[in-house]
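Peer 1: Compute the structure for the input listed below.
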Amino acid sequence: MDGSPAPQAGISIEALTIAYNGVPAVVDVNLQLQPGSICGLVGMNGAGKSTLFKALMGFVAPQRGSILIEGLPVAQAQRRQAVAYVPQSEQVDWNFPIRVQDVVMMGRYGRMNLLRWPRAVDREAVESALTRVDLLSLRLRQIGALSGGQRKRAFLARALAQGARVLLLDEPFTGVDIRTERLIITLLLELRQQGATVLIATHDLDAIPSFCDRVVLINRTVLAYGETSEVFTQANLLRTFGAAPQLTP
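Peer 2: Presented below is the predicted three-dimensional model:
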């Protein structure tokens, strides 16, 4: 051994158990995600994916176990803007009268003073993020006027503007066009190259081998986790879903 320290996990979950009204939602979850990786989170509806995301965002407290994000407890990681979240479309009020650039600017709030008055660095971060998701020309449009794919890109831009090194994406490909799906995958690959830790819940099983280097299969607890080539198999999908989905060759 050379004596150098082991790399700090982007996400470290140990013996995590969460229950709602006494009913377990996730049980004894253990997971270590290293920086510079994209991990697909795969499971049935109700398998605990959303609960796991809520715990990582600090929205629910565990009954037991622990979560560290870049070596920090969740609350401290949130204060340091270490983790960004791209929600499902169903969780957003699209009728709220707010412009695209203002949605993206929300990613900068944690770095502003109490008055939330944008500085030059904040405006530059927003413009850069909008450019990366190809929405700069629509920055003044009301968020609800965008297409499904454009809306998803706007919230991805918010995460990019935040500058977090840990990203959580909840079903980012649902209801989007193929152009948006390809753009999102390209951005995720760039972020991985830059050392980000990405956890993405998705039902788009055919796309997983094209960009996820690791996969976690979950049904209230972790059934399998590891490199995509080793874990993402018909046998493991059968354990996860009860009937193995047919993947496109």
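
Peer 1: domain assignment for the chain?
Peer 2: Domain ranges of the chain: 1-82+164-240, 89-163, per automatic domain parsing.

Peer 1: Mean pLDDT and mean neighbour count for the ones you listed - can I get that in TSV?
Peer 2: Using the backbone N, CA and C atoms, a C-beta is placed for each residue, glycine as well. Listed next are these as TSV, based on pLDDT from 0 to 100; neighbours: other C-beta atoms under 10 Å:
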stretch	mean pLDDT	mean neighbour count
domain 1-82+164-240	91	17
domain 89-163	89	17
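
Peer 1: hang on, residue 50 packs against residue 218?
Peer 2: No - counting by C-beta atoms under 8 Å, residue 50 does not reach residue 218; the two are 10.9 Å apart.

Peer 1: Now do residue 11 against residue 168, distance only.
Peer 2: For residue 11, the distance to residue 168 equals 9 Å [C-beta to C-beta, to the nearest Å].

Peer 1: Overlap of the contact sets of those two?
Peer 2: Common contact partners of residue 11 and residue 168 (C-beta atoms under 8 Å, 6 or more residues apart in numbering): 56, 199.

Peer 1: And the strands in this structure?
Peer 2: Assigned strands in the chain, in chain order: 11-20, 23-33, 37-42, 64-69, 72-73, 83-86, 166-170, 197-201, 214-218, 222-227 (criterion: DSSP state E).

Peer 1: From the contact counts, what lies against the fourth one?
Peer 2: What it means is strand 64-69. If you count contacts as 3 or more C-beta pairs under 8 Å, 6 or more residues apart in numbering; DSSP states H and E, strand 64-69 packs onto strand 11-20, helix 49-56, helix 74-79.

Peer 1: try it again with 10 Å
Peer 2: With contacts taken as 3 or more C-beta pairs under 10 Å, 6 or more residues apart in numbering; DSSP states H and E, strand 64-69 sits against strand 11-20, strand 23-33, helix 49-56, helix 74-79.
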